[in-house]
Every structure is written in C-alpha cells, then in structure tokens.
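1. Just a sequence and a predicted model for now, questions to come.
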Amino acid sequence: MSGWQQHLPVFPIVLPLLAAATLLLLRGEARRPQRAALALLATLAQLAVAGILFAMADARLPTPWPAEIGVYALGGWAAPFGIVLVVDRLSTLLLALTATLGLATLVYSLARWSRTGVYYLPLFQCLLLGLNGAFLTGDLFNLFVFFEIMLTASYGLALHGSGLARVRAGLHYIVVNLVGSLLFLIAAALIYGVTGTLNMADLARRVATLTPADRALFDSGAALLGIVFLIKAGSWPLNFWLPATYGAAAAPVAGVFAILTKVGVYALLRFETLLHASGAPAPFGGQWLFYCGLATIATGALGMLAAQRLDRLASFLVIISSGTLLAAFGFNGTTLTGPALFYLVNSVLGTGAFFLVIELAERDRTAVADLLAVSFEYFGVRDPEDPAHPDEVVGAVIPMAMAFLGLSFIVCALLLIGLPPLSGFIAKFALLAAAIAAAPDAANALPSWLFVAVLLLSGLAGMIALSRLGIRVFWDSTRKTPNLQWMEAGPVAALMLLCIALAMGAGPAMSYFNVAARSLHDGRGYVESVLASGGVETP
Amino acid sequence: MEIVFALAIGVMIGSGVWLLLRPRTFQVIMGLSLLSYAVNLFIFGMGRLRVGAAPIIDPLQGSQPTLYADPAPQALVLTAIVIGFATTALFLVVLLAARGLSGTDHVDGREPDQT
C-alpha cells in the first residue's frame, strides 16, 4: 500500500493550515509578492489534491481503500472512538468545487482587493481550511469545529475593507451565527448524551436501537441540528442576515461565500441520507425540507424583484439556489438528488463569477446612479443627456472591456436563470424532468407540480430583475469604460468556461452525479466503510 | 443536584435570550456570554453528573467504566470554551468598530427614531 495516497485525504486540511500559518510569518510590505505566491501555490496544491481525490473516489485511479469510500483515521485511532475523515463522491466533488472557486477568487483578489486590509490571505486560507474540513469530516463535533473555523474566517473576510455598511451587516451576521453555533453545541451534546457517540456512521447505526424516551430526546437534538444547518444554508425564515452581508462584502469575498451556504445544504443532505434508514426526524425527513426550500425560493424571487442594486440581487440569487437545492433534496424519493448536484455545481460557479462581474461593471459608477433603478423606471426618469455630444454614443464602437463585461453578465444571467444553451438550463431541465417523472405517483403529484411552478416562476422573476438592472448598468450612456486587468478578467472567464465545459460534457457529468447520488442514498456503504476501517496501518 | 443544575442552566438561558433580544450591542454580547456559559454547563451535564469521579483512568483502581466520569463531554466543553472565548473577543472588536463608525451602540447602527 503506497503511503502518499493513503495520507491524501488529510492534505486539504493540512495545506491551508500550513499556508495560513506561514503567511502570518511573512510580514511587511516588501514580502507582498512572496505572500501572493505562497497563497497561490497553496490553493493550486489544494486543487491538485482535490482533483486526485475526486478521481480516486470515482475509481478512475487506483485507491488504497477496500471500498469506494475512503476513510482516514486521524492519529491512527480507529472509528468510532477516533476522528475520521471520509472521502466519497459527494465530498470530493465539493472539495474540488471549493478549490476551483477559491483559486478563481484568490487570483481576482490579488489584483486589488487583497491590499485593502491586513491578513486577507491568511483568513482566506482559513476559510478554505474550514470548508475542506467540513466536507471531509465524519465526526459531529469535528464538524462543529470546522464550521467555527470557516465562520470565524468568514467574519474577518466579510468585514474586509471595512466601512459602515460592512460593519453593520457584519454585526448581524456574527450574532446570528454565534447563536447558531450555540444551538449546534446543544444539539451535539444532546445527541452525544443519548447515543454516546459523535461518529456520524456509528450514530446512524445506534439511532435504530434507541428506546422511545431516548428517541424523543434524539429527535429534539436532530431538530436543533437541522435548524443550525438551515441557518447556514440561508433557508427561509432564517436568511434575513444573508442579503445584507453578501451584498456588503468585497467582491472576491462574496464570490467565495457562494459556496458557504452549500456547506449547510451538504450537512443536511449528509445527515438525511445517514438517518434515512432509521426514520429521519424533522427537518431531515418528511416534507419539512421541501416546503422550507419552496418558501426560500419564493423569498429569493421576491427579494430579487425588489432589489435596487446588483450586489443585493446576486445575494438573492444565492438564496434561490439554496432554496432550489433544499426543495430538491427534501423531495420525496431520491430521483432529484443527481440533477440537484448538477445544479449545485452550476450555481456555485455561476454565482461566484456573477459577484466578480458585477463588481467590475459597477466599479466606476457613482453609488447614486444605481440606487433607485426601479423608481427611475416608475417615474419615467431618463438619464441626463450630455448636451455637448448628443449623438456621440450612438453607433460608437463598444470597447473590448465593455464587450467582455456585457458578455460575461449575459452568460452569468443565463447560467443563473437557467435559460438555454448553457449548463444552467441543463441543470434546471433535469430537475424539472425528474419532478415531472415523479408526478404520476399520487403521493408526489402536488409537490411535483408545486416544485415545477415555483422553479419556473423564480426563473421568470430572475429574468425580469436581471434584465432590468442589467439595462441600467450596461446601457448607461454616461458611464466610463472601466479598466480591466487580466488578473481580474481571467478568473471570471475561467469560471464561465468551466460552466460551458459542464454544458458540453453534460452527459458524462450527469451520469457521474447520478452515481454519486445513488451511493449517497445507500447509507449502508458509508456506515460499513467507516466502521470497518480500523486505524491506519503502520508501514 | 440535577434540579439545581437544570435551574442554573435555565436561568442563564432565559437571561441570555432576553439580553440577546435587547437593542444595545453591549446587552447582546452579555446575552451571548450567558448563553455560552449555559451551553457549556449543558454539555457538561450530558456526560451525566457524577461527584468524586475522575475522567482519567487510574492504574490503581482498574479500568472499570463505572468508576469514572465520561471524559468526552469534558473535552468537548474545553473546545467549546476556547471557541466561544475567541468568537466573543472577535465580536467585541466588531462591536467597538460599529460604535466608532456609526456613533451609536444600537445593533442596527442607527437610533430607531432617526430616519
């Protein structure tokens, strides 16, 4: 058994940790290039590791693990007593997504944003550390610790660049998440007190053997845990902190925050599949998640129509994407999970790119210009015309920067609304097709058609809101052409090209997601792999 | 002992929630601190309350589990205290920044009677 492959699962945690610590040591203005190089190198290495793990979990590379699911016992302590990292298709997919989005936003921020405050790069690595850890860990309390690492880093990043708007939104964000963390602790303690284990696989096995009295306590603990995950996922009615925080955050930070809500969705999905065999309590089982998701989509759509600024609009797009995922995962049966994973990848890449594009497009505009887009239309107010050059803008050659931004905006809009021909359409089409295919079953008829209607209506709302604000931002004759740097345009283009590649390879991608969903819903594989793993053999 | 313990947690949670819902940032941070104390006690209590039982195995007494307290919740409490301490300190900094930037200690960054 080769050593390096066996230890690969711990690298997504060790790499950013070492990078963050080393970045703190490299101080001073003169060391800026070294810091940037180190951060880039660490993120590239994470992407490489995530790529190898991704291939290993899909059995494209030889693996040292007996089953498809890889288990790494930290410190060699065997599960269920030690803490394990679990590598399966879903977790490696999200690892790869984190590293991709992290790399793109990091490159973008190196051009400009990383200089507007101290400790941006170490905090960024800590955020990646928390995300990677949360996706990999197989232990409930460890999940709490990685959540905290991720959130603490995100507090610092949300405030990056300072300013009243960020601090005001950050204050609310921190309070909500601190309360969420306290609920997480209560839930973890309750679950430990009843089942006597924190290992997620062992937990899934022991729940079935609880007495009814203990079972009631466990269900309360699980419900609290579900509330925490719903807060993180930005589900209605726990998402009022999200638009202000994401809208106020610096563009690359908001871009990487696009995956933060998906951690909550991931945790919900993971526990739902693990607890399914023994009758998952609310909100993991039953119809709760589905209707929460629908309500979230509705609030997102309404908020988007009311949004006056593009950054706020983008935050509501994040809410819609969370809502769609919650509704799809909460849907009765498992047929929607595969398409939902496709939607997840598409929406994370799309929203990440969108946050970057709107910052580029709005950079040179005054804050007042886009303040009241809706009121302008309502009152029929036209842009003030320049009397000296009345016709100059007509037929003028669009500069390349403007053409790039406009094209990027349209591509992002198509991706996020789900219009053809890009991957957003394929994701949404697959979701709708799966929902309609489930409709003939009498139990599913109402949820299916509700889901189809809400999804289509939210797409319509998105189209109206995006085209309205897009027209105000891009067809503004008074605007200057923004300066575009390669380091800022490159990551945006790369994220969009990835989405286009996803659309081109939709067939293989979709079959991969379906395999991932099937192995996920077969919770026994996870439980058996973890509990049979034992410690790491000493070489 | 259980009743006293439960009452202590309940009183702290109640006061903490009330303070958390107050409009001033200082009240919010006090509420969060009280809540985190209550949660720490709660985690501790989930290992079952025992008097005079050590969580570490003593070679002289043997490894009979009934002789010892559950060490896992105590380890969890330690982690929770450290994380709670760090996040409270961080929140205190943000609170001061908000006070400095907005000139008020209201959680919304402006007095409610102002427009």
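-> Yep, it's here.
2. Do a quick rundown of the strands in chain B.
-> Shown for chain B, no strands are assigned by DSSP state E.
3. you'd agree residue A:290 is up against residue A:330?
-> Yes. At 3.5 Å, residue A:290 counts as touching residue A:330 under the criterion of CB atoms under 8 Å. (Glycine included, C-beta is placed from N, CA and C.)
4. what about the two, which has more around it?
-> Higher neighbour count among residue A:290 and residue A:330: residue A:330, with 25 against 21, using other CB atoms under 10 Å in any protein chain shown.
5. State the number of residues packed around the nearest residue to that one once chain neighbours are set aside.
-> In this structure, residue A:330 finds its nearest non-sequential neighbour in residue A:289, 2.8 Å apart by CB to CB, 6 or more residues apart in numbering or on different chains. Neighbour count of residue A:289, defined by other CB under 10 Å: 29.
6. again, but for the one 4 residues further on
-> Applying other CB under 10 Å, we find 27 other residues in the vicinity of residue A:293.
7. so it sits right up against residue A:326, yeah?
-> Yes. Using CB under 8 Å, residue A:293 is in contact with residue A:326, at 3.3 Å.
8. before we move on, the earlier item: can you classify the residue nearest to residue A:330 as helix, strand or coil?
-> helix (DSSP: H, G, I helix; E, B strand; the rest coil).
9. residues contacting it?
-> A:268, A:272, A:283, A:326-327, A:329-330 (CB atoms under 8 Å, 6 or more residues apart in numbering or on different chains).
10. ok, of those residues, which one's closest to residue B:64?
-> Of all those, residue B:64 sits closest to residue A:272, with 39.1 Å by CB to CB.
11. Skipping its backbone neighbours, what lies nearest the closest one in space?
-> residue A:284 is the one closest to residue A:272 (CB to CB, 6+ apart), at 4.3 Å.
12. re the thing from before, so what's in contact with residue A:293 and residue A:326 at the same time?
-> With CB under 8 Å, 6+ apart as the test, residue A:293 and residue A:326 both reach residue A:235.
13. need the residues of chain B near chain A, please.
-> B:20, B:25, B:28, B:32, B:35-36, B:39, B:42-43, B:45-48, B:72-73, B:76, B:79-80, B:83-84, B:86-87, B:90-91, B:94-95, B:97-98, B:101-102, B:107-109 (CB under 8 Å from any CB of the partner chain).
14. repeat that with 7 Å
-> Neighbours of chain A within chain B, by CB under 7 Å from any CB of the partner chain: B:28, B:32, B:35-36, B:39, B:42-43, B:46, B:72-73, B:76, B:79-80, B:83, B:86-87, B:90-91, B:94, B:97-98, B:101-102, B:107, B:109.
15. which of these count as buried?
-> Burial by neighbour count, judged by 16 or more other CB atoms under 10 Å in any protein chain shown, picks out B:28, B:32, B:35-36, B:39, B:42-43, B:46, B:72-73, B:76, B:79-80, B:83, B:87, B:90-91, B:94, B:97-98, B:101-102, B:107, B:109 from these.
16. residues near residue 25, how many?
-> Looking at chain A here, since you left the chain open. Residue A:25: 9 neighbours (other CB under 10 Å).
17. my bad, chain B
-> As a burial measure, residue B:25 scores 23 neighbours (other CB under 10 Å).
18. Find the residue closest to the residue in chain A positioned nearest to chain B in space, skipping its chain neighbours.
-> Relative to chain B, the nearest point of chain A is residue A:193 (3.4 Å; CB to the nearest CB). Setting aside the residues directly before and after it, residue A:193 is nearest to residue B:46 in space (CB to CB, 6+ apart), at 3.4 Å.
19. got it, and residue A:298?
-> Nearest non-adjacent residue to residue A:298, counting by CB to CB, 6+ apart: residue A:454, 6.6 Å away.
20. tell me the contacts of that neighbour?
-> Going by CB atoms under 7 Å, 6 or more residues apart in numbering or on different chains, residue A:454 touches A:294, A:297-298.
21. Residue A:495: helix or strand, and which one exactly?
-> Counting by DSSP states H and E, the element that carries residue A:495 is helix A:486-504.
22. How far off centre is that helix?
-> 17 Å (CA atoms, centre = their mean, to the nearest Å).
23. what pLDDT, on average, does that helix get?
-> Averaged across helix A:486-504, the pLDDT comes to 85.
24. Quick one: which of the contacts of residue A:289 has the lowest pLDDT value?
-> When the contacts of residue A:289 are sorted by pLDDT, the bottom entry is residue A:283 at 72.
25. which stretches of the chain aren't confidently modelled?
-> In the absence of a named chain, chain A is used. A:1-2, A:67, A:282, A:285-286, A:363-399, A:477-483, A:533-539 (pLDDT under 70).
26. not quite, I wanted chain B
-> Using pLDDT under 70, chain B drops low at B:114-115.
27. so where do the helices sit in it?
-> Per DSSP state H, chain B carries helices over the ranges B:2-20, B:25-45, B:71-102.
28. before we move on, what about the stretch 301-450 of chain A?
-> A:310-330, A:337-362, A:373-378, A:400-417, A:423-438, A:445-474 (DSSP state H, counting those that start in this stretch).
29. Next: the stretch 1-150 of chain A.
-> A:3-6, A:11-25, A:32-57, A:89-111, A:120-136, A:140-158.
30. The shortest one: which residues count as buried?
-> Looking back up the chat, that one is helix A:3-6. Neighbour-count burial for helix A:3-6 [16+ other CB under 10 Å]: A:5-6.
31. Likewise for the longest one?
-> Going by neighbour count (16+ other CB under 10 Å), the buried part of helix A:32-57 is A:35-36, A:38-40, A:42-43, A:45-47, A:49-50, A:52-54, A:56-57.
32. Ok, stretch A:421-430 next?
-> A:422-428, A:430.
33. Can you name the residues in contact with that stretch?
-> A:339, A:342-343, A:346, A:350, A:411, A:414-419, A:455, A:459, A:499-500, A:502-503, A:506, A:510.
34. now the residue nearest the centre of chain B, nearest residue through space, not along the chain?
-> By CA atoms, centre = their mean, the mean C-alpha position of chain B lies nearest to residue B:36, the distance being 1.4 Å. Leaving aside its sequence neighbours, residue B:36 sits nearest to residue B:84 (CB to CB, 6+ apart; 4.2 Å).
35. Tell me how many other residues crowd that neighbour.
-> 23.
36. repeat for residue A:514
-> Other residues lying near residue A:514 total 18 when counted by other CB under 10 Å.
37. Which of the residues in the helix or strand where it lies are classified as buried?
-> Per DSSP H and E: residue A:514 is located in helix A:506-521. For helix A:506-521, a neighbour-count test (16+ other CB under 10 Å) marks A:506, A:509-510, A:512-514, A:516-517, A:519-521 as buried.
38. Send me the following helix or strand past that helix as CSV with only the CA atoms.
-> Next helix or strand after helix A:506-521 toward the C-terminus (DSSP H and E): helix A:523-533. Extracted in CSV, the C-alpha atoms of helix A:523-533 (Å, rounded to 0.1, in the frame of the first residue of the first chain):
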residue,chain,number,x,y,z
GLY,A,523,-26.2,5.0,3.5
ARG,A,524,-25.1,1.5,4.5
GLY,A,525,-22.0,1.8,2.3
TYR,A,526,-20.8,4.8,4.3
VAL,A,527,-21.6,3.3,7.7
GLU,A,528,-19.9,0.0,6.9
SER,A,529,-16.8,1.6,5.3
VAL,A,530,-16.3,3.8,8.3
LEU,A,531,-16.8,1.2,11.0
ALA,A,532,-14.8,-1.5,9.2
SER,A,533,-11.9,0.8,8.6
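39. Fine by me, thanks again.
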